[in-house]
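A.B. asks: Please work out how this folds:
(chains A and B)
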Amino acid sequence: GAVVSQHPSWVICKSGTSVKIECRSLDFQATTMFWYRQFPKQSLMLMATSNEGSKATYEQGVEKDKFLINHASLTLSTLTVTSAHPEDSSFYICSAKLAADTQYFGPGTRLTVL
Amino acid sequence: GESVGLHLPTLSVQEGDNSIINCAYSNSASDYFIWYKQESGKGPQFIIDIRSNMDKRQGQRVTVLLNKTVKHLSLQIAATQPGDSAVYFCAENVNSGGYQKVTFGTGTKLQVIP
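C.D. replies: Next up, the predicted model:
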């Protein structure tokens, strides 16, 4: 149980294009999902908290107009990187909250912007 | 801001020995702590957690110790195996602006020597 999936696993895109990453909780409903970014050999940095049916809460320094988050259902949250640039290349990881505190993480999406 | 940090960036352990990974945290308001294991190119995997009203919790081959007096957290892995090789992150659950979020430490790479 408590499986979180992400799609795609990796994506390569040209600079200036937009990329959508999906995060799904497969066997449970998650009112709250989280989006993290991880650069090589670094820790995970929380980007935003996504609540079903409401606007996401972004961490300081994260551009909400660049990283669009939609949490339309209890099992799906999407992160869209708009007008991606090479500096946006990173490993994007989502997590979903099952119990009061426990988060389960997806496998991550490797984004490479050329 | 407050942060969670680790003492050792890399730990090399002989197969079969016990491993101890340490973590210092600074937010005295944190009430829940989690250890995650992350293998290369994958999302974090939940290992074990502990609440602030406990000082020790045991799982299968793993033990987490919490010392609130000195704000220190440790993960002990018994009889370390090659499959334990990964990066380990401690994380603290904090309440921020009315919602909860998980803040990750910098990570420790565990290398198991066969």
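A.B. asks: need the contact list for residue B:59.
C.D. replies: Taking Cβ atoms under 8 Å, 6 or more residues apart in numbering or on different chains as the criterion, residue B:59 is in contact with B:47-48. Glycine gets a C-beta too; all of them are placed from N, C-alpha and C.
A.B. asks: how close does it sit to residue B:49?
C.D. replies: Taking Cβ to Cβ, to the nearest Å as the measure, residue B:59 falls 9 Å from residue B:49.
A.B. asks: go on, residue A:25?
C.D. replies: From residue A:25 over to residue B:49 the distance is 19 Å, taken as Cβ to Cβ.
A.B. asks: out of the two, which sits in the busier spot?
C.D. replies: Between residue A:25 and residue B:49, residue A:25 has the larger neighbour count (other Cβ atoms under 10 Å in any protein chain shown), namely 24 against 19.
A.B. asks: Quick check: chain neighbours aside, which residue is closest to the more buried one?
C.D. replies: Among residues not flanking residue A:25 along the chain, residue A:96 sits closest, at 4.3 Å (Cβ to Cβ, 6 or more residues apart in numbering or on different chains).
A.B. asks: my guess is that neighbour contacts residue A:27, does it?
C.D. replies: No: taking Cβ atoms under 8 Å as the definition, residue A:96 is not a contact partner of residue A:27, at 10.5 Å.
A.B. asks: okay, the two: which has more neighbours?
C.D. replies: residue A:96 (27 against 10).
A.B. asks: who's that one bridged to?
C.D. replies: Using DSSP bridges, the beta-bridge partners of residue A:96 come out as residue A:33, residue A:104.
A.B. asks: Now residue A:16. Nearest residue, chain neighbours left out?
C.D. replies: Nearest non-adjacent residue to residue A:16, counting by Cβ to Cβ, 6+ apart: residue A:83, 5.7 Å away.
A.B. asks: residues in contact with the one you found?
C.D. replies: A:16-18, A:66.
A.B. asks: Can you tell me which of the residues you listed is closest to chain B?
C.D. replies: The closest of the contacts of residue A:83 to chain B turns out to be residue A:66 (Cβ to the nearest Cβ; 20.2 Å).
A.B. asks: gap between the closest residue to that closest one other than its chain neighbours and residue A:49?
C.D. replies: Spatial nearest neighbour of residue A:66, excluding adjacent residues (Cβ to Cβ, 6+ apart): residue A:82 at 5.5 Å. Separation of residue A:82 from residue A:49 (Cβ to Cβ) stands at 19 Å.
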